[in-house]
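Q: Below is the sequence, then the predicted model.
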Amino acid sequence: MAGCHIISVNKLPDRALSQEFGPALKAAICRGKEFAMKRSLVRFLGFASAFALIAAVAAPRPPVGYDALADIDRIWQYTGLVKTAMISSTDVSGGNWDMYNFHGRYRGEKVMARIDGPGCVYRIWSGLPSGRIKVYLDGRSWPEIDCAMKAYLEGSCAGLPGDFAVGQEANYMPIPFKKSIVITAPGFIFPGYYQVSFQTYDPGVGVETFNRKTSGEAPGLAQAVATWKGGAITGKSDALKTVETTSGVVELPGAGVIREIAIARTGDPGDPLRGARIRVFFDGASEPAVDAPVDAFFINRFDLKKDWPGGGMKNLFLEAGTQGYRSMFPMPFAQGAKIEIIGGNHTEIKLRVSYEILESLPPDSMRFHAQYKEKNYDTDLSPDKTFPTATPINPDTNYVVLDHKGAGHYLGTAIFVQSVGTQWWGEGDEMTWIDGAPEPAIRGTGTEDDFNLTHPFIPNLSPVSGTLPVVPACDENIAAQIIPQLQNPECNKIEGHNILFRFRPTDYITFTSAIKVSYEILGISMTVTRSIYTGNLSQDRGDDYSSMAYWYEKE
């Protein structure tokens, strides 16, 4: 169309509208006289702007910062305006030299993460933290946060809320930013493991940048802390209706939200109920959205509940203790729900369900799903099966927790490992692919790191994560396995049952078409005594895996 001046479709007010209407606009402009061109353009832009405004109003706003915990129900109201990712010290070559890998420099300081906004950092983790952490927001030349790295992760920085620290390795205090964030680590010495988990939002999502001076008075903080400490049904108990039965089946009519499912064997509430399954159906569906072993669903696969700190397993969504099991996952339904416990030949199982009655569900309400998987691996201790740390791992060999097509919010993982060797099994990285992307949006630095565990390897429990590794009976911690100077034969005896879990109430993973969550199968060779730093890794130890995946799915 020689002689026809075409405006760039990228100048239109909405990128999606540009793609959809760009060709038609181009044709319209190139027809007729200049007056007609202008009139057509004005009409089109008016229509496009109105359409974009309506879409923006209709789209649900994702919760940002403290609101992500203060309004826990937003995890089951779908939004496509969120992208979740992680920046870490992972070995970008595909090997496992996952340490001391930084992302350039800012003002002369090593960069852990550099992210364009709007967005929010929800989790910062580090193994063996050192030096300082500095957080620069919206292009400013001075840091809004400047604190010793260890103190920050422990939640003990002066002037900052410390409520969301997880042990000594991770801090979930949200750091929202409107334009950008740069996190630096001056003085962070080798080995320098770290992870930064965050979300970014559509430009139309309003985000107020973190302010240290007002961080202790921010709206939503008090309710977020209450939820963090009290569980997902905090503040809902007075509005609930409860049904109890020993028949193993509860059916609920109409629309509402299941707030609590409690299961226990009468006369012996500590019974792990091996062999029994929990199944949950929504809206008259013939297939269950939840179908899993009871003990696995409640993160008690090996009945080790008494070994958790405090004598029971408890987090934001689940409990397993001497009084039985308790789920606090919010489970919305529009046209009825059915919960049943089947199998196992257990007698007199008490099932209690508490739910909130609603006239109808909000738009874009999703349904809760949970899936159990397991895989047993063969053992091959041949010397040629051992390889150096820098060797790239084929992702096709990963253990897959979930490989699913659809749209929704991924909420978390529990994995159960029967370690058959005498040294650490969890060197493999976590990898999560979103919407069929060729590269994982989330790639970790080691299995235990993904679950907020670091040295020493001991039982840990928090509202969002927990680790129950086999701990050797020796004076040194498990790091003695990989540092020859510390080796003690007793420290290598870690054969047995391991449990790790992590939930994502704030850094939930939004997917629009597909999600794949996996972990590398990788441990330290049981036959080679060299240090991990010189190379003694194996994918053929024979450790056996099983897992639970928890997510919300758009119907």
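A: That came through fine.
Q: Just to check, Glu319 is in contact with Met313?
A: Yes - under the criterion of Cβ atoms under 8 Å, Glu319 makes contact with Met313 at 6.7 Å. Yep, even glycine has a C-beta here, placed from its N, CA and C like the rest.
Q: Between those two, which is the more surrounded one?
A: More crowded of Glu319 and Met313, by other Cβ atoms under 10 Å: Met313, with 24 against 21.
Q: Figure out the helix or strand that the nearest residue to the more buried one once chain neighbours are set aside lives in.
A: Leaving aside its sequence neighbours, Met313 sits nearest to Ala320 (Cβ to Cβ, 6 or more residues apart in numbering; 4.4 Å). Using DSSP states H and E, Ala320 maps to strand 318-321.
Q: Tell me the strands beside that strand, with direction?
A: strand 313-314 (antiparallel), strand 324-327 (antiparallel) (DSSP bridges).
Q: check contacts around Arg504.
A: Contact analysis of Arg504 by Cβ atoms under 8 Å, 6 or more residues apart in numbering lists 84, 410-412, 464.
Q: Look up the residues that both of Glu319 and Met313 are in contact with.
A: Joint contacts of Glu319 and Met313 (Cβ under 8 Å, 6+ apart) are Phe298.
Q: one step back: number of nearby residues for the residue nearest to Met313?
A: 25.
Q: residues near Gly336, how many?
A: 16.
Q: So it is in contact with Gly284, correct?
A: Yes - contact criterion Cβ under 8 Å: Gly336 and Gly284 qualify, at 6.1 Å.
Q: do you know how far the closest residue to Asp116 other than its chain neighbours is from Val196?
A: In space, and not counting its chain neighbours, Asp116 is closest to Ser180: 5.4 Å by Cβ to Cβ, 6+ apart. The gap separating Ser180 from Val196 is 14 Å, by Cβ to Cβ, to the nearest Å.
Q: Tell me which of the two has more neighbours.
A: Val196 (23 against 17).
Q: downstream neighbour of the helix or strand harbouring that one in the secondary structure list?
A: Secondary-structure assignment from DSSP H and E places Val196 in strand 193-201. Next along the chain after strand 193-201, taking DSSP H and E as the criterion, comes helix 221-230.
Q: tell me the contacts of Pro395?
A: With Cβ under 8 Å, 6+ apart, Pro395 has these contacts: 431, 440, 518, 520.
Q: same deal with Tyr519?
A: 398-399, 401, 415, 428-431, 447, 450, 545.
Q: returning to what we had before: the residue nearest to Asp116 and Gly139 touch, don't they?
A: Yes - judged on Cβ under 8 Å, Ser180 makes contact with Gly139 at a distance of 5.8 Å.
Q: can you confirm Tyr152 is in a helix?
A: Yes - applying DSSP: H, G, I helix; E, B strand; the rest coil, one finds Tyr152 inside a helix.
Q: Would you confirm that it contacts Trp125?
A: No - here Tyr152 does not reach Trp125: they are 11.1 Å apart, not a contact under Cβ under 8 Å.
Q: before we move on, the earlier item: what is the strand holding Val196 packed up against?
A: Counting contacts by 3 or more Cβ pairs under 8 Å, 6 or more residues apart in numbering; DSSP states H and E, strand 193-201 packs against strand 82-88, strand 109-116, strand 119-127, helix 447-450.
Q: Can I get those in a markdown table including mean neighbour count and distance to Trp308?
A: Shown next, in a markdown table, are the helices and strands packed on strand 193-201 (neighbours: other Cβ atoms under 10 Å; distance: least, Cβ to Cβ, whole Å):
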| stretch | mean neighbour count | distance to Trp308 |
| --- | --- | --- |
| strand 82-88 | 22 | 26 |
| strand 109-116 | 19 | 31 |
| strand 119-127 | 25 | 20 |
| helix 447-450 | 26 | 16 |
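Q: wait, which of those is closest to Phe297?
A: helix 447-450 (20.3 Å; Cβ to Cβ).
Q: Average pLDDT for that closest one, rounded please.
A: Mean pLDDT, helix 447-450: 95.
Q: and if you look at stretch 183-194?
A: Averaging pLDDT along stretch 183-194 gives 95.
Q: Make 45 the first number, not 1, from now on.
A: Let's use 45 as the start, then, which means that last one is stretch 227-238.
Q: and it, how far out from the chain's middle?
A: Relative to the mean C-alpha coordinate of its chain, stretch 227-238 is positioned 23 Å out (Cα atoms, centre = their mean, to the nearest Å).
Q: Can you give the domain ranges for this protein?
A: Here the domain parsing of the chain from automatic domain parsing is 55-102, 111-274, 276-409, 410-599.
Q: Flag whichever of those has the least confidence on average.
A: domain 55-102 (a mean of 38).
Q: Count the neighbours of the closest residue to Val461 other than its chain neighbours for me.
A: The shortest distance from Val461 to any non-neighbouring residue, by Cβ to Cβ, 6+ apart, is to Asn542 (4.3 Å). For Asn542, the count of nearby residues is 25 (other Cβ under 10 Å).
Q: Might one say that Asn542 is in contact with Trp469?
A: Yes - Asn542 sits in contact with Trp469 when judged by Cβ under 8 Å, with a separation of 7.3 Å.
Q: Residues that sit against both of those two, list them.
A: Listed as contacting both Asn542 and Trp469 by Cβ under 8 Å, 6+ apart are 461, 463.
Q: want to throw the helices and strands packed on strand 237-245 into JSON lines with distance to Leu113?
A: Shown next, in JSON lines, are the helices and strands packed on strand 237-245 (distance: least, Cβ to Cβ, whole Å):
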{"stretch": "strand 126-132", "distance to Leu113": "15"}
{"stretch": "strand 153-160", "distance to Leu113": "21"}
{"stretch": "strand 163-171", "distance to Leu113": "10"}
{"stretch": "helix 491-494", "distance to Leu113": "20"}
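Q: Of all these, which one is nearest Ala320?
A: The nearest among the helices and strands packed on strand 237-245, by Cβ to Cβ, is helix 491-494 at 28.6 Å.
Q: what packs against the closest one?
A: strand 237-245, strand 474-478, strand 540-547.
Q: After that helix, which helix or strand is next?
A: Moving toward the C-terminus from helix 491-494, the next helix or strand (DSSP H and E) is strand 504-505.
Q: which residues are in contact with whichever helix or strand comes after that following strand?
A: Following strand 504-505 in sequence order, the next helix or strand is strand 509-512 (DSSP H and E). With contact meaning Cβ under 8 Å, 6+ apart, strand 509-512 is reached by 210, 214, 343, 348, 351-352, 357, 359, 492, 495-497, 501, 503-504, 542-547.
Q: Give the partner strands of strand 509-512 in its sheet and their orientations.
A: By DSSP bridges, strand 509-512 pairs with strand 504-505 (antiparallel), strand 540-547 (antiparallel).
Q: Contacts for the longest one, please.
A: Applying Cβ under 8 Å, 6+ apart, the contact partners of strand 540-547 are 343, 345-346, 348, 359-361, 455-463, 469-470, 491-492, 494-497, 508-514, 592, 594.
Q: What residues sit buried inside it?
A: 541-547 (16 or more other Cβ atoms under 10 Å).
Q: cool, stretch 132-139 as well?
A: Quick answer for stretch 132-139 (16+ other Cβ under 10 Å): 132-135, 139.
Q: Please apply the same query to stretch 502-510.
A: Neighbour counts using 16+ other Cβ under 10 Å place 503-510 of stretch 502-510 among the buried residues.
Q: Let's see the distance spanning that stretch from one end to the other.
A: Distance between the boundary residues of stretch 502-510 (Cα to Cα, to the nearest Å) amounts to 10 Å.
Q: Determine how far that stretch lies from the middle of the whole chain.
A: In terms of Cα atoms, centre = their mean, the centre of stretch 502-510 is found 14 Å from the chain centre.
Q: What of stretch 158-175?
A: For stretch 158-175 - counting by Cα atoms, centre = their mean - the centre lies 14 Å from the chain centre.
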